[in-house]
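Q: This is a predicted model, with the sequence first.
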Amino acid sequence: MKAMGGDVRIRLARIEDAAALAAIYGPYVRETAITFEYVPPTVDEFAERMRKTMEFYPYLVAERDGSLVGYAYAGTFKGRPAYDWAVETSIYVAQGHAGEGIGRALHDMLEALLRSQGVLNMYACIAVPVGEGDETLTRNSQHFHEHMGYRLVGEFYQCGFKGGSWYDMVWMEKMLGEHRADQPPVTPFPKTPVMAAEL
C-alpha cells in the first residue's frame, strides 16, 4: 500500500501473517506491562482475532526485507450502535525496531483508512506506570500518541495488576471529522474503495 524510507512498506495484513505477528506480540505479553494479557495467544487464537477485526476494520502490517516488523489495527470501542463512529486502536512494533518511524507510518495509514470508512473518533487505551515507571513500562506510548495529535481524556489509577505491580491506564482521543446531526453510517472496511482497489 505504501512505501516508507525505501525499505519498509505498509500493507494490509493477511491471515497467514498470524504466526509472525503473534511472535511480535508475545514478548510484550511475557516481558512487559504494555499489554495486560498474562498469556500470549496461540497462533490460531491470534489468527481468529485478526479474522474478526478484518470483518469490519483495517488491519495493517509493516514489512521490511520480507519480514514483518510491526502491525496496527482498529477495533470496536463499545458494543452499542451509538458508538459506531468510534474505534480503539492498537500498534505494536517488533522489539529492536523502536524509533525507526514504523509506528508513525502504521498510525498514519490506519488513520487514513479509518477516515475513508467515516470513523470520527480514535481512542487509545494505554497502560502507564505509577510514578516514574519500571523496566517493563514507561509513558513512551502516551507521548507517541500526543505527537500523533491525541489528547488525554482520562486516567484510571492502579487498575491493572501484572508481574507483582499495579499499573495505571490512560485513555487518549483524536477527532477525525465533523460530528453532524445527519451523520452517515460507517462503511465496513471491506466495502471501501481502498479495499476494493487492493483486491
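A: All right, it came through fine. Nothing here was measured: the structure is a model prediction, and the numbers come from that model. Residues are numbered from 1 along each chain as shown.
Q: going forward, measure contacts and count neighbours with C-alpha atoms only.
A: Noted.
Q: what about the strands in this structure?
A: Counting by DSSP state E, the chain has strands at residues 2-4, 8-12, 59-64, 67-76, 86-93, 121-128, 151-162, 165-175.
Q: Tell me the strands beside the fifth one, with direction?
A: The reference is to strand 86-93. Here strand 86-93 is paired, per DSSP bridges, with strand 67-76 (antiparallel), strand 121-128 (parallel).
Q: for the shortest one, what is the average pLDDT?
A: Averaged across strand 121-128, pLDDT comes to 97.
Q: Provide the contact partners of it at residue level.
A: Residues from elsewhere that reach strand 121-128 (CA atoms under 8 Å, 6 or more residues apart in numbering): 33-36, 77, 85-90, 137-139, 141-142, 145, 167-177.
Q: my guess is Glu31 contacts Glu135, does it?
A: No - if you go by CA atoms under 8 Å, Glu31 and Glu135 don't touch, sitting 9.3 Å apart.
Q: Which one's more surrounded, these two?
A: Neighbour count, other CA atoms under 10 Å: between Glu31 and Glu135, Glu31 has more, with 14 against 8.
Q: Read off the pLDDT value for the more buried one.
A: Note for Glu31: predicted pLDDT of 96.
Q: likewise the one 10 residues further on?
A: Among the per-residue scores, Pro41 holds a pLDDT of 98.
Q: Low-confidence stretches in the protein?
A: Counting by pLDDT under 70, the chain contains low-confidence ranges at 1-6, 133, 195-199.
Q: need the longest helix for it.
A: Determined from DSSP state H, the single longest helix within the chain is helix 102-117.
Q: ok so, going back, and the strands of the chain as TSV, adding distance to Pro188 and mean neighbour count?
A: Shown next, in TSV, are the strands of the chain (distance: least, CA to CA, whole Å; neighbours: other CA atoms under 10 Å):
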stretch	distance to Pro188	mean neighbour count
strand 2-4	21	14
strand 8-12	15	19
strand 59-64	12	22
strand 67-76	12	21
strand 86-93	13	20
strand 121-128	16	22
strand 151-162	26	14
strand 165-175	19	18
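Q: TSV for those, including distance to Pro27?
A: Listed next are those as TSV, based on distance: least, CA to CA, whole Å:
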stretch	distance to Pro27
strand 2-4	25
strand 8-12	22
strand 59-64	17
strand 67-76	13
strand 86-93	11
strand 121-128	16
strand 151-162	14
strand 165-175	18
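Q: Compare these and give me the one nearest Leu21.
A: Among these, strand 67-76 comes nearest to Leu21, with 7.2 Å by CA to CA.
Q: if we can go back for a sec, check which residues of the longest helix of the chain are buried.
A: Buried positions in helix 102-117, judged by neighbour count with 16 or more other CA atoms under 10 Å: 102-107, 109-111, 113-117.
Q: closest to Ala98 out of the strands paired with strand 86-93?
A: Ala98 lies closest to strand 67-76 among these, at 9.8 Å (CA to CA).
Q: which residues touch the closest one?
A: Strand 67-76 has contacts (CA under 8 Å, 6+ apart) with 20-21, 24, 53, 57-63, 84, 86-94, 97, 102-103, 106-107, 110.
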